[in-house]
Each structure stands twice: as C-alpha cells, then as structure tokens.
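Visitor: everything below, folded, please.
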Amino acid sequence: MTTIKTDENGTETKRKPPWLKVKLPAGDAYQHVRHLMRSKHLHTVCEAAMCPNLGECWSRGTATFLLMGDICTRSCSFCHIKTGRPKPLDEDEPRRIAETVLQMNLNHCVLTSVNRDELPDGGAHIFANTIEEIRRVLPTCTTEVLIPDFKGDDAALKMVMDARPSILNHNTETVPRLYRTVRPQANYRRSLQVLAQAKVFDPQAVTKTGIMVGLGETKEEVIALMRDLREIDVDIMTIGQYLRPTRFHLPVYRYVHPDEFQEYHDIGMEMGFKWVEAGPLVRSSYHADGQADALAIHAR
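Guide: Okay, here's the model as predicted:
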C-alpha cells in the first residue's frame, strides 16, 4: 500500500498515478451545457465539487443539477462546496431546471443539493417540486435524486418519495470508523436508515449509495459496509477514489489501484447489488444515465 506524503504546506509531493489523468473540458457540447447553466442561473455539483469527469459528462450533454444554491450548512472535510449561511430559497428553481432538462432533451436527470439544515423540511419540497416539474414538461425523463439525510426527518423523506423519483440516492461516503473525521455532522446509522426507510415509503423504489476510498479505510471495512447496504436492499453502489480538492481538505491516504476497484465490483455483484460502478474516477452520478438504461428503470 502506497501512502501519500505532503510537504510543510500540506501539498501532496507524490504525483497522481496515470489512471487518474483526465482531459480538460472542451468542445461544443461542453460549451452548450455551460451556457445553459449560466443563462438559467443554475448550479451544478460538477463544478461546485470539482468533479474530474466534468469534461466527459458535459461533452455527452449530461450534468448533475445542484439545488438550493451553492452554500452548504455542513462542513464535510472532503467536500469543496462552500460552507456558510445559504441564501433564501429560490422557489422558481424547479421550473428553470425543468426547462433546461427539456432543452437538453435528457433521458435521465440527476438532482442533488447542498445541505439546508436551517430549513424545516431540509428543502425536501424543492426536490419534490423539481421532480414534478420535469415530469410535466418531459414525462419520459427518468429522475435520480441524490438527497441529504434531512437530519433523519421521515416526513421530509416521504415528501421526496411521494414525488416518485426513479432512483433514490443517498451517499454513505465512507466507512463508519472515519465518519467523525470525514462527515462530522452526519451519522452512519442515520444514513442507512434513510436508505432503508425509502423502501418502506415506496417498496418499488430503486435505491443507490456511493462511497470514496483512499481516505484510510481498509478493504475489510469497505466489504463490511457493502454487507450493511445489502442487508437493507440497496440496489446500486458507486465506489470512487477520493481526490483532495485543496490543501485545506483531508489528504489522500493512498491511491487505490484499478484492480482493487474491479475486486470491489465483483464482490458487490456477488452480494446481489443490481449494479456496482467502481473505478478511480467514479462519482455518484458517473454514468448514471447508463445505469438507468441497463437496469431498464423507467420514468414514474
């Protein structure tokens, strides 16, 4: 196992391995998506979280919409999204997102958000309204929502589930031992409960979660987490390499080799996941449209 050394300023001194190299964003399709987001005053997690796949996804005409602004009420030590006091909700945002989805003629749309812990429902109604607006203008488009934990509020979760998203995603992010360091304002068992309760509210729901590796977890801990997820019948799992956004964020403990990602994929499929997307550059919504197509997930 190769650990990552840093200098006195916290800057990594070891170069990233070749399997983590990506092309810079470019091309007409990329510019078209960028223009749409700017003209509609919308945010994407692709930009806010410095996703390494931004160029690939935008060039394919796909993007993950970031609801409720770009300022989060939580301060996860891996995340590049700003922490602070968010601006008031924009209740017209769902309509503008739906218009953009229609202009892009998407088959599959991914919606996520910052945490809005200051709101009574955590912003759940914005998720629900956006799903309904998309269904109104483009009924054939499947919707995937990557939701926060809503502080464990079942009523907020039910509001989202009542809108019938095609896929309900909530990221567990890391193994339980590392939660205090990686997600200090979250709780592993609460995240599992969100995923389990989603299927109580809608037994036909497809559930999904994602984690990062390279933060100091062991292989045994990852496999144990996967077992926990199968016990609550999670359908889809994503596993990707943690990449440090800035020197103020958690350092990378190690770069996981592609062979190990393949091993996680194979173990997960043997466990009974319907789909495991595992690889160095995998993120929650990476190839999400392909997952929906492959599993024959329909608009609801």
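
Visitor: helices of the stretch 51-200 of the chain, start to end?
Guide: Assigned by DSSP state H, counting those that start in this stretch, the stretch 51-200 of the chain shows helices spanning 54-59, 93-104, 124-137, 154-162, 179-182, 188-201.

Visitor: how about those, which one is nearest L215?
Guide: L215 lies closest to helix 179-182 among those, at 6.2 Å (C-beta to C-beta). Bear in mind the C-beta positions are built from the backbone N, C-alpha and C, glycine included.

Visitor: and for that closest one, what's in contact with it?
Guide: C76, S77, F78, E173, T174, A186, N187, Y188, L215, L250 (C-beta atoms under 8 Å, 6 or more residues apart in numbering).

Visitor: out of the residues you listed, flag the one nearest to V101.
Guide: E173 (26.8 Å).

Visitor: quick one: residues contacting that closest one.
Guide: Counting by C-beta under 8 Å, 6+ apart, E173 has contacts C76, F78, V182, R183, A186, S191, G210, I211, M212.

Visitor: max pairwise distance over those: which two?
Guide: Among the contacts of E173, F78 and S191 lie farthest apart (C-beta to C-beta), at 14.8 Å.

Visitor: settle it for me: which of the two has more neighbours?
Guide: Neighbour count, other C-beta atoms under 10 Å: between F78 and S191, S191 has more, with 22 against 19.

Visitor: which residue, other than its chain neighbours, is closest to the more buried one?
Guide: T172 (5.0 Å; C-beta to C-beta, 6 or more residues apart in numbering).

Visitor: how many other residues sit next to that neighbour?
Guide: 23.

Visitor: correct me, but it touches L192?
Guide: Yes - look at T172 against L192 with C-beta atoms under 8 Å: they come within range, at 7.3 Å.

Visitor: find residues that contact each of the two.
Guide: With C-beta under 8 Å, 6+ apart as the test, T172 and L192 both reach L229.

Visitor: inside strands: which ones of the contacts of E173?
Guide: Judged by DSSP state E, the contacts of E173 include G210, I211, M212 as members of strands.

Visitor: name the nearest of these relative to G123.
Guide: For the ones in strands among the contacts of E173, the nearest to G123 is G210 (20.1 Å; C-beta to C-beta).

Visitor: ok, the nearest residue to that closest one once chain neighbours are set aside - how many residues close by?
Guide: In space, and not counting its chain neighbours, G210 is closest to T238: 3.8 Å by C-beta to C-beta, 6+ apart. Other residues lying near T238 total 24 when counted by other C-beta under 10 Å.

Visitor: who's in contact with T238?
Guide: K208, T209, G210, I211, V276, E277, A278, V282, R283, S284, Y286.

Visitor: and it, bridged to which residues?
Guide: Judged by DSSP bridges, the bridge partners of T238 are G210, E277.

Visitor: distance of it from T181?
Guide: With distances taken as C-beta to C-beta, to the nearest Å, T238 is found 21 Å from T181.

Visitor: tell me where the stretch 201-300 of the chain has strands.
Guide: 206-213, 236-241, 275-279 (DSSP state E, counting those that start in this stretch).

Visitor: neighbouring contacts of the longest one?
Guide: Which is strand 206-213. So strand 206-213 is in contact with 78, 144, 166-175, 191, 195, 198-199, 222, 225, 229, 232-242, 256, 260, 274, 282-284, 295, 297, going by C-beta under 8 Å, 6+ apart.

Visitor: and that strand with helix 188-201, angle?
Guide: Interaxial angle, strand 206-213 versus helix 188-201 (axes from the mean of the first three to the mean of the last three C-alpha atoms, to 10 degrees): 160 degrees.

Visitor: tilt between strand 206-213 and strand 275-279?
Guide: Angle of strand 206-213 versus strand 275-279, following the same axes, to 10 degrees, is 20 degrees.

Visitor: can you pull the pLDDT of H108?
Guide: We have a pLDDT of 88 for H108.

Visitor: which ones are touching it?
Guide: T62, C141, T142, T143, E144, S166, A288, D289, A292, D293.

Visitor: okay if I get those residues as JSON lines plus pLDDT and distance to L111?
Guide: Putting the contacts of H108 into JSON lines (pLDDT from 0 to 100; distance: C-beta to C-beta, whole Å) gives the following:
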{"residue": "T62", "pLDDT": "59", "distance to L111": "13"}
{"residue": "C141", "pLDDT": "92", "distance to L111": "11"}
{"residue": "T142", "pLDDT": "91", "distance to L111": "11"}
{"residue": "T143", "pLDDT": "94", "distance to L111": "7"}
{"residue": "E144", "pLDDT": "94", "distance to L111": "7"}
{"residue": "S166", "pLDDT": "95", "distance to L111": "11"}
{"residue": "A288", "pLDDT": "75", "distance to L111": "11"}
{"residue": "D289", "pLDDT": "77", "distance to L111": "13"}
{"residue": "A292", "pLDDT": "84", "distance to L111": "13"}
{"residue": "D293", "pLDDT": "83", "distance to L111": "18"}
